[in-house]
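A.B. asks: Fold the following and give me the result.
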Amino acid sequence: MVSVKIIAVGKLKEKFFTEAFGEYEKRLAGFCKLTAEEVEAAYLPDDPSDAEIQKALDTEAEKILRKIPADSYVIPMCVEGKQLSSEEFAGKLSDGTAEGKNTFTFIIGGSYGLSDAVKKRGDLRLSMSKMTFPHRLARIMLAEQIYRAFTILNNRKYHK
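C.D. replies: Numbering: from 1, shown residues only. Below is the predicted model of the structure:
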């Protein structure tokens, strides 16, 4: 069975976010094993300097990179990433499994995004939109798109 891991900076604190993510975990159980691992956000002052932001990103990167399985197809979520339709996204997952990848790791950064080290580790940089979303909401949106992709690949009626 395919494994899908989401590594995210920060915690899902709000009940409605944890319930939404739990719903997609349940829906995806027949298609893949979905797990989420949280990385604690590095402390930053209210008005951080560029150097402080970079140091925080580097600290978070060290934690993130340790959690990525060695044989995983890695997809950092970043604003400069490629935007795909749901069908194209499903195709990327299908291509990955055809190449022998059975673990996909998605990475969602915190308020200041991801370090270059994490982006360089990626096999595909992916963007949800040109718009900016809170990282907690992005996790739910990503889980939904993963579910949608698997329904597309399995010819289920969910996707329209």
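
A.B. asks: drop to CA atoms for contacts and neighbour counts, all remaining ones
C.D. replies: Will do.

A.B. asks: Could you check how far the residue sitting nearest the centre point of the chain is from Arg156?
C.D. replies: Taking CA atoms, centre = their mean, the centroid of the chain lies closest to Phe106, which sits 3.2 Å from it. Computed as CA to CA, to the nearest Å, the Phe106 to Arg156 distance reads 23 Å.

A.B. asks: And Glu62, by the same measure?
C.D. replies: 39 Å.

A.B. asks: Please, where are all the helices along this structure?
C.D. replies: Taking DSSP state H as the test, the helices found in the chain are 15-28, 50-67, 86-98, 116-121, 135-153.

A.B. asks: ok, the residue lying closest to Phe89 once chain neighbours are set aside - contacts?
C.D. replies: Distance criterion CA to CA, 6 or more residues apart in numbering; nearest residue to Phe89, sequence neighbours excluded, is Ala149 at 6.6 Å. Applying CA atoms under 8 Å, 6 or more residues apart in numbering, we find Ala149 in contact with 86-87, 89-90, 93.

A.B. asks: Which among these count as buried?
C.D. replies: 89-90, 93 (16 or more other CA atoms under 10 Å).

A.B. asks: Quick one: those residues as CSV, columns for distance to Asp50 and pLDDT too.
C.D. replies: Formatted as CSV, the buried ones among the contacts of Ala149 follow (distance: CA to CA, whole Å; pLDDT from 0 to 100):
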residue, distance to Asp50, pLDDT
Phe89, 33, 97
Ala90, 37, 96
Leu93, 36, 95
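
A.B. asks: and the helices of the chain as JSON lines, adding distance to Val4?
C.D. replies: Output for the helices of the chain, formatted as JSON lines (distance: least, CA to CA, whole Å):
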{"stretch": "helix 15-28", "distance to Val4": "10"}
{"stretch": "helix 50-67", "distance to Val4": "13"}
{"stretch": "helix 86-98", "distance to Val4": "10"}
{"stretch": "helix 116-121", "distance to Val4": "17"}
{"stretch": "helix 135-153", "distance to Val4": "9"}
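
A.B. asks: Highest mean neighbour count out of these?
C.D. replies: helix 135-153 (a mean of 20; mean count of other CA atoms under 10 Å).

A.B. asks: Can you show me the CA trace of the longest strand seen in the chain as PDB?
C.D. replies: Longest strand in the chain by number of residues, with DSSP state E as the criterion: strand 73-83. What follows is strand 73-83, C-alpha atoms only, in PDB (Å, rounded to 0.1, in the frame of the first residue of the first chain):
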ATOM      1  CA  TYR A  73       9.100  11.000  -3.400                       C
ATOM      2  CA  VAL A  74       9.400  14.500  -1.800                       C
ATOM      3  CA  ILE A  75       7.000  17.300  -2.600                       C
ATOM      4  CA  PRO A  76       7.700  20.600  -0.800                       C
ATOM      5  CA  MET A  77       4.700  23.000  -0.900                       C
ATOM      6  CA  CYS A  78       6.000  26.400  -1.900                       C
ATOM      7  CA  VAL A  79       4.700  29.500  -3.600                       C
ATOM      8  CA  GLU A  80       7.200  29.200  -6.400                       C
ATOM      9  CA  GLY A  81       6.200  25.600  -7.000                       C
ATOM     10  CA  LYS A  82       4.300  24.200 -10.000                       C
ATOM     11  CA  GLN A  83       0.500  24.600 -10.000                       C
END
